[in-house]
Structure formats: structure tokens, C-alpha cells
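Enquirer: next comes the sequence, and after it the predicted model I'd like to discuss.
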2 protein chains.
Amino acid sequence: MSSLAKTDADMVRVHNRLAVLDHLRRVGVTTRKLVSEATGLSVSASSAISGALLRGGLLSEVEEDDRSTRRGRPGKSLAICGRAARVAALKIAVGEVSGRISDYAGRPLTEMRRGVDLSGRDGGFIVDLLADLAKELTGRLAEEPRALDKVVVAVQGKTFSDLSGIVWSPALKHRHIEIAAPLSARLGAEVSVLNDCSLMPEAFRWRPDFTGLDFATLFVGFGVGMGLRLNGATFQGKHSSAVEFGHINHMPGGALCRCGNQGCVEAYASDYAIWRSATGNGDIPAHRIGDEAMQRLADAARAGDPAARSAFEAAGNAIGYGLGRVFTMIDPLPIVMTGSGAQAIDLLEASIRQGIRESAVDGLGSDTPLILEEDTDALVFDAGTAYALAALDQEFARSAAEATEAA
Amino acid sequence: MSSLAKTDADMVRVHNRLAVLDHLRRVGVTTRKLVSEATGLSVSASSAISGALLRGGLLSEVEEDDRSTRRGRPGKSLAICGRAARVAALKIAVGEVSGRISDYAGRPLTEMRRGVDLSGRDGGFIVDLLADLAKELTGRLAEEPRALDKVVVAVQGKTFSDLSGIVWSPALKHRHIEIAAPLSARLGAEVSVLNDCSLMPEAFRWRPDFTGLDFATLFVGFGVGMGLRLNGATFQGKHSSAVEFGHINHMPGGALCRCGNQGCVEAYASDYAIWRSATGNGDIPAHRIGDEAMQRLADAARAGDPAARSAFEAAGNAIGYGLGRVFTMIDPLPIVMTGSGAQAIDLLEASIRQGIRESAVDGLGSDTPLILEEDTDALVFDAGTAYALAALDQEFARSAAEATEAA
DNA sequence: GAGACTTTTTCCAAGCCTCGGAAAAAATGG
DNA sequence: CCATTTTTTCCGAGGCTTGGAAAAAGTCTC
């Protein structure tokens, strides 16, 4: 009924434990004293909380060689204990599934990629496939066989806002596929299904150079997608999986898009759009344009091929106008760019910036920083892992009450 | 450094006092028992907090005739005490300033409107004007002469994100005008300067039918602006005053907009755009098109004038595409519409919905509810008042500590 | 190498909240 | 007029943070 709920001492404990964990994730290794300074907690509280987390097994004391020859009692170094949990980031893309397992400290333990034709497959097959993938990954880890604590599935395409499955994906013909519940039953861990692009900002969650920064991640490749970090939170839509940047209309009545509409950004800027524009064929290619084919096309443009050049230019223009529209709505934001578009940034950047200049008020944002991340897969794995770890931190901070009782 | 800060008992107190105030604003009159049920606080805590707020003068016990003939001790009715504070909502528009004073319970006490040619005036004049307006308004209130506790200035145009003043306004020729500091010095109350359109969702802050609802407010008139309520918070940009819906590009290379760009939504959907389109004159009119003129134009369209009809249709189309783009980014949202566009909704609605259908994925959101609010001024005053009261609630919840000590 | 100094950690009483239950208060019903 | 019911107040308990004192674990100086 009322929108504001009460708070009590429990909330305070959870919040402060979370603050300590958060600080540790940012800096990696600290001492109780430094935690106190960073969080604003008293040293007593910092010490008590660290102690509880240590007893709970979430933290571990580490030996540091970095004897910085200062007087006084040296602080005992603390770090997140990798053995406290194990998370998996899985990925469903057109023609392949892949995954990475990491420990609670965020260190990647093992990773694999498997090419599969998913197009005609149903939900049961997908769940089986993901379960197999996860089990093979865990099997590789020699140590004691232990279950996963949290699984994130990043999907190309639209996902349910309750993180339960896939509404629609270019990788699959079937629609409305439940993933979370059946996969969770198979793996014994909570499963969250999210769109890969909107998840991407999570990859930067604890990176010091992105702390407190609002920014957008932009994927340009097979499709075009965006993730937003606003007010320190990764933006998630209520109804869908959020920022469908590729389907923001660029040109009313313009080029035909896969979604059926005319003039979407994707219909100009995605691989297939650039391809059909360069080849002069108006149809949407039936199959995915390979990365090598796009590389050749880019090289042709670099060599001066006029059709290829103008195709990339039109793509950059559409992206630029799209960004200009986003900047007009939200604010100018730094852009982290990935996908085949990032590889061809030399062909795109000028027209992107020109597009922003023409579409944003006062051209604001046309000089926004453009940060390139070549390895899209790594970015998605990082993002899924960070998301999973953040969720675990919340759970652990909450259940630390019981842990203290037990101890 | 770290982004998560600590919490302590103080925070708990502030948060819970705020929860009680929030509930009272939503329902108007309650009892301690009902507060307990609504907030989740224990009856003891609810009682203690209510008692503290009563002693602090923020609440008052009210007599209710509504004897609902039930057994048991009847609950003592509590309500926000109007005399606890006084806030002003001021408004700067093209050719006029206006204002309303309300009490702490949100009841309007007095209101006035003054036509002034502001175009060539500087900051000093504006501040003087607003100070005079506020003082004349307070002077009207017969009772003991008391100062304002909080002032909100809603401005057509772009404002600084720190709420200190005006970056640019169509009402003024000068740019970068400081308002908050000098006006605050004159009135003895904190002053916040915000864009009128982005402020508008605040008007619905405590309205039960909008509780927990995400929605957009859309102003179509002299200009075109939008306000967003997302995740229960009114969206505010970091750099500017947020959602410049009117300047989201509609058509690359399209009609000339006041902002200098080509193809903005405003260049199709604002009063001047509809006017120039209907009259076949390509220039932006030098003066504001009056409301009566727009009414006549709308009547001509209703009578079948083809030029007028197609002008409104083009306007609706641009708005529809704009909304489609927003929906694609964020989510389909209910729209609260106001301004002269709301008056001409019969001429616009079909093409708005058609535009959404053509520009949003699967046409999602083309059937979104369209809620009309005829009285734009009242909406802005409501919004400014709600914003001011919410800010006061925060301050009072914080300082309630001292209040209890004092008592 | 021993004592002085310095800095980090731990320990403990105190202060604030909220919670739960008991007691008091204020009405209705028979 | 007394039993019943419902709301409000009162009081002790428990949890978390705080601030200061004590302990711990080094470096520095003589």
C-alpha cells in the first residue's frame, strides 16, 4: 500500500556487511582500518563485521609481501575468499552456447564454447544443453566436486523481466521459453536469464575507473543493442529486457528491419544491414553474415570501395542519430563499444559523431568518449559473473545473521 | 571512494519517520494502528514515532465525525499539520510568472499570475520579480506573517542539474542565470530551480491511483516536453534538466527547429510547427502563437480544412514516433498529456497511436493509456508543491532528533 | 638488544532503535 | 454496571554501531 517500507537493525547489519563486501570487491585487498575509512564505519564496527565475514568464510586473511616499511602494527590484509562460492555465466548466441565458471573472488576458473545449431530447438533442448555445459565445466575443476551457487544466462534477444526465460531470440525459432526454473532444478542453483546487451554494464560494476560513472554499452554486430548504467544501477525495463537500441526508429519509412518495422537503427547498422547496403541487395540475408565476411567488407571500404564506404557511413549515421536521441532523453554518456562495429570503428566514428552532432541539442555529446572493448564474449562473461556475485553478496550479507548464530 | 556508505540507527530513525509521513501524505488521515499496518512497523514503534512527530508539530490529532460504530477503543485520527510549514511553487513561462503558496498539508492557500515581458531581462530582474511575487503572495495571507520554508521554481527551458538556475529558457534572452542563491537570500528559504516538464510527474507522487506506477508526462504546446517517473523516482538528468522529448530527432534532415537542428519532434508537434505547417510558411514565427489562434486552427481542422488537418496529423505522427522511440528504450508507459496538444487530442490521437505502431517493436505501447490533464498550470503548481513538501519531509525527518531532545 | 613509539585490532560499556508483551484507556453490548 | 473489544502507552530485551581503553605487533633509537 504505502511505498516506503520500514527499516530496522537487521537492515542496518545487511547494508553495512554489503558495504564492506563492496569495498573489498573494488580494491581487492584491504585492512580493517582501510575498510573503516572507505565506508565511514567506526573501526570497531569495521573490525566486528570483518570478523563475522571471516568466520562466515566469505573473507580470508592473506599474506602480503608488500611490506611498506611503516611504523606501527601492520594491518592484516583481508580479501574475498574465492572458495566461498562458485558462479557460472552462460551465454546463448546464434549458433553457439558458451560459459565460464568463476570463484567467489571473481577469478575465472574455466571456460568453454560449443557450436550448436539452436534454430529449431525447443526449451527442453536448450535447458539440457545448458545443464550439460555447466556440468562439463564444473567437472573440469579437479578439486572436490561442488555445486554452483548462482547461474546467470545471457541471451541475445528479449528476455522476461522476471529473469525467468526467453521471450524471443534470433538464435531460436521457438518463443516464450522457460529457462530459469528447469535449469535451476537441474543445477541446484538459482538461475537468472537476462539480455546480454542490457547486462553488459555489470562488467564494470567494481572497476575503479567506472565508479559512480553513468555510461552506456553499445554492441554493434549481428544485431545492435545497448546497456545503460544510470544513477549507479544497471537499467532494467519493467516489461521487457530494456534498451532495445537497435530498434529505436532511425528513419520513418526507412529500410526494412528484421523486426518487421521500417527504419530501425539495426536496419542500417547491423552486419546484415551493412552487407545488404554494400551489395545493393535489398533483402535481409537469410543467414548470419560471418565475422570474416564483415572484415573483408571493412577492408574493402578501407581500400576505397565506394559502396562499402557508404554502407559503413550510413551505419555510423544511424548509430549517431540513435545516440543523439538517447543523449537528448537521458544525458550525454560515455560509450563502451563492442562487437564487429568496434572492429570497424575507424570506418564508423566520423559518421557516428556527425550523427550525434545533427541530432542532439547543441550537438551535445558528439565528443563523448568512445571506449573500445574488442572481446565481446569476455565482456558478457565478466558482466554475468559480476551480476551473480552481486546477488550472492546480497544473500550472504542477509544470511550472515544465521552464520553468526551458528558460530 | 567506495560507493556504498554505512548505515546506523540514525538512518533507521530518519527512514521510518519518513515512512510514516509518506503514508500520511497518501491517505490524508490515519491512526497509529493503521500506520503500523501500512508501514510494517510494530504498533509500539508506530506509536512512538507518531508521538514524536506530534510533539514536533508536524502532525496533529484531528476530530473525525466518521464514527463507524465499531467496538473497542477508537483510534485517534492523525493528519499532517498544515501549520508546520509553508511552501511556494513559482513558475516562469514565456510572458508570465505565476505562483502558488500551500501549507504543509499541501492545501493551496493563495495563487496569482502576472503577465510580464521577460525577454530582454537579466537575472537580477527575474530574481526581483520572483521575490516580489512570493512576498505579495505571503502578504495576502492574513494570519501571522511567516516566512516560506521552501521554494520551487519551475521554468520552461533548461535548468542546471544542481537546481541553482536557468541554463536557457525560451522566456529569456539571457543565458546562465543564477536564481537559487539570490532568491534564497531574499526569501530566507531554500530555493530549487527545475524544468517544468521534468518536474511534472511529482504532481502524482502521493496519488493513490499512481502509486508504484511508472509513467510519462507529456506537454505539447508552445514547446514539447516530457517528464518520466521510473522505478518510483522522477527522472533527473545529471548534466541538464533531463528528457528533452521535444528535441529528440524525428526526421533526419527534416523541418527546422528553434534549437537549430533539423527534424526535432518539436519542429513538427509544437504550436509554431503546426502553425507554419498549416499556413504553408516555412519560417519559425517570431512570436508565440496564442492559445486562441491554436484553438481556431484546431477548429478549422475539425471543420475539414485539409492543410490544418495534415498539420495536426504530422504533429501526431512526430509525437507517436517520439513515444515509440522512448518506449523502445525504456518500456511502454502510460502517458499523462497536457498543454494545447491535450486540447486537440481528438485531432492527434489517431496519428500518435499510428506513429507508435510504426516505430515500436511489435507496435508495443500503441494502446497505452492516454490521460488528459487540461490545466497545465495547476499540474505544475501541484508538482512544485509536492517536490517542496517531499524535500521538507526529508529535512524534518532528519531534524526530528533535535526536536525530541528539545521537547 | 631493550625500551620508546606508532599504528592496528580487539574488547567493553553505552546509546539508539525497534520489538513483543503487559497494562491502561476508551468505546460498545448485554 | 460489568464483560468484551480495540487502540494506545509503557517497559524490558535484543541488536547494531560508537568511542574509548587495552592489547597486539611492528619500527626506531640509543
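Expert: Alright, I've got the coordinates. Residues are numbered from 1 along each chain as shown, chains lettered A, B, ... in the order given.
Enquirer: and the helices in the stretch 101-250 of chain A?
Expert: Here the stretch 101-250 of chain A has its helices, by DSSP state H, counting those that start in this stretch, at A:123-140, A:180-187, A:196-199.
Enquirer: please work out which of the ones you listed is packed deepest.
Expert: For the helices of the stretch 101-250 of chain A, the largest average neighbour count (mean count of other Cβ atoms under 10 Å in any protein chain shown) is found in helix A:196-199, namely a mean of 29. In short, each C-beta sits where N, CA and C put it, glycine included.
Enquirer: to DNA strand C, which of the helices of the stretch 101-250 of chain A lies closest?
Expert: Of all the helices of the stretch 101-250 of chain A, the one in closest proximity to DNA strand C, counting by Cβ to the nearest atom of the strand, is helix A:180-187 (31.4 Å).
Enquirer: thinking again about what came up before, and the helices of the stretch 101-250 of chain A: which comes nearest A:Trp275?
Expert: helix A:196-199 (20.6 Å; Cβ to Cβ).
Enquirer: that closest one - contacts with which helices or strands?
Expert: In terms of contacts (3 or more Cβ pairs under 8 Å, 6 or more residues apart in numbering or on different chains; DSSP states H and E), helix A:196-199 is packed against strand A:150-155, strand A:215-220, strand A:224-230, helix A:376-406.
Enquirer: in the longest one, which residues are buried?
Expert: This points to helix A:376-406. Neighbour-count burial for helix A:376-406, counted by 16 or more other Cβ atoms under 10 Å in any protein chain shown, picks out A:376-377, A:379-393, A:396-397, A:400.
Enquirer: what's the pLDDT at A:Ala286?
Expert: pLDDT for A:Ala286: 82.
Enquirer: where are the low-confidence patches of the stretch 1-150 of chain A?
Expert: For the stretch 1-150 of chain A, applying pLDDT under 70 flags the ranges A:1-3, A:65-68, A:144-145.
Enquirer: point out the residues in it that sit beside DNA strand C.
Expert: Counting by Cβ under 7 Å from any atom of the strand, the positions of the stretch 1-150 of chain A adjacent to DNA strand C are A:6-9, A:31-33, A:43-44, A:47, A:50-51, A:70-76.
Enquirer: kindly write the ChimeraX command that selects the buried subset of the residues you listed.
Expert: To isolate the buried ones among these in ChimeraX, judged by 16+ other Cβ under 10 Å, type:
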select /A:6,7,31,32,47,50
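Enquirer: narrow the residues of the stretch 1-150 of chain A next to DNA strand C to those in helices?
Expert: Judged by DSSP state H, the subset of these located in helices is A:Ala9, A:Arg32, A:Lys33, A:Val43, A:Ser44, A:Ser47, A:Ser50, A:Gly51.
Enquirer: just give the closest residue to the fourth one, not the sequence neighbours.
Expert: Of all residues not flanking A:Val43 in the chain, A:Ser36 sits nearest, at 4.5 Å (Cβ to Cβ, 6 or more residues apart in numbering or on different chains).
Enquirer: residues contacting the one you found?
Expert: For A:Ser36, the contact set (Cβ atoms under 8 Å, 6 or more residues apart in numbering or on different chains) comprises A:Ser42, A:Val43, A:Ala45, A:Ser46, A:Ser47.
Enquirer: distance from the chain centre to the helix or strand hosting it, please.
Expert: Using DSSP states H and E, A:Ser36 sits in helix A:32-39. Helix A:32-39 has its C-alpha centroid displaced from the chain centroid by 29 Å (Cα atoms, centre = their mean, to the nearest Å).
Enquirer: check stretch A:169-189 too.
Expert: With Cα atoms, centre = their mean, you get 19 Å for stretch A:169-189.
Enquirer: how far does it stretch from start to finish?
Expert: 24 Å (Cα to Cα, to the nearest Å).
Enquirer: same deal with stretch A:150-165?
Expert: Using Cα to Cα, first and last residues of stretch A:150-165 are 16 Å apart.
Enquirer: how far away is A:Leu133 from A:Asp122?
Expert: 17 Å (Cβ to Cβ, to the nearest Å).
Enquirer: no no, A:Ser98
Expert: 20 Å.
Enquirer: higher neighbour count, those two?
Expert: A:Ser98 (20 against 12; other Cβ atoms under 10 Å in any protein chain shown).
Enquirer: shouldn't that one be within a strand?
Expert: Yes: counting by DSSP: H, G, I helix; E, B strand; the rest coil, A:Ser98 is part of a strand.
Enquirer: just checking, it touches A:Met112?
Expert: Yes: taking contacts as Cβ atoms under 8 Å, A:Ser98 lies within contact range of A:Met112: 6.5 Å.
Enquirer: give me the common contacts of the two.
Expert: With Cβ under 8 Å, 6+ apart as the test, A:Ser98 and A:Met112 both reach A:Leu133.
Enquirer: which ones are touching the residue in the stretch 101-250 of chain A that DNA strand C sits nearest to?
Expert: Proximity of the stretch 101-250 of chain A to DNA strand C (Cβ to the nearest atom of the strand) peaks at A:Ala105, 18.9 Å away. Counting by Cβ under 8 Å, 6+ apart, A:Ala105 touches A:Ala79, A:Ile80, A:Cys81, A:Gly82.
Enquirer: out of the residues you listed, flag the one nearest to B:Ala350.
Expert: Taking the contacts of A:Ala105 together and measuring to B:Ala350 by Cβ to Cβ, the closest member is A:Ile80, at 57.7 Å.
Enquirer: give me the nearest residue to the closest one, chain neighbours excluded.
Expert: Nearest to A:Ile80 is A:Ala105, by Cβ to Cβ, 6+ apart, at 4.5 Å.
Enquirer: ok, A:Arg140 next?
Expert: A:Arg140 sits nearest to A:Thr110 (Cβ to Cβ, 6+ apart), 4.9 Å away.
Enquirer: thinking the one you found is in contact with A:Glu143, fair?
Expert: No: in this structure, A:Thr110 is not within contact of A:Glu143 by Cβ under 8 Å, at 11.5 Å.
Enquirer: compare these two (neighbour count), which wins?
Expert: A:Thr110 (15 against 7).
Enquirer: need the residue closest to the centroid of chain A.
Expert: Central residue of chain A (Cα atoms, centre = their mean): A:Met200, 2.2 Å from the mean position.
Enquirer: re the thing from before, so does the helix holding A:Ser36 get close to DNA strand D?
Expert: No: for helix A:32-39, no contact with DNA strand D is found by Cβ under 7 Å from any atom of the strand; the gap never falls below 7.9 Å.
Enquirer: same deal with stretch A:51-58?
Expert: No: using Cβ under 7 Å from any atom of the strand, stretch A:51-58 never reaches DNA strand D; the gap is at least 8.3 Å.
Enquirer: what are the buried residues along that stretch?
Expert: In stretch A:51-58, counting by 16+ other Cβ under 10 Å, buried: A:Ala52, A:Leu53, A:Gly56, A:Leu58.
Enquirer: close to chain B, is that stretch?
Expert: No: applying Cβ under 8 Å from any Cβ of the partner chain, one finds stretch A:51-58 out of contact with chain B, separated by at least 14.5 Å.
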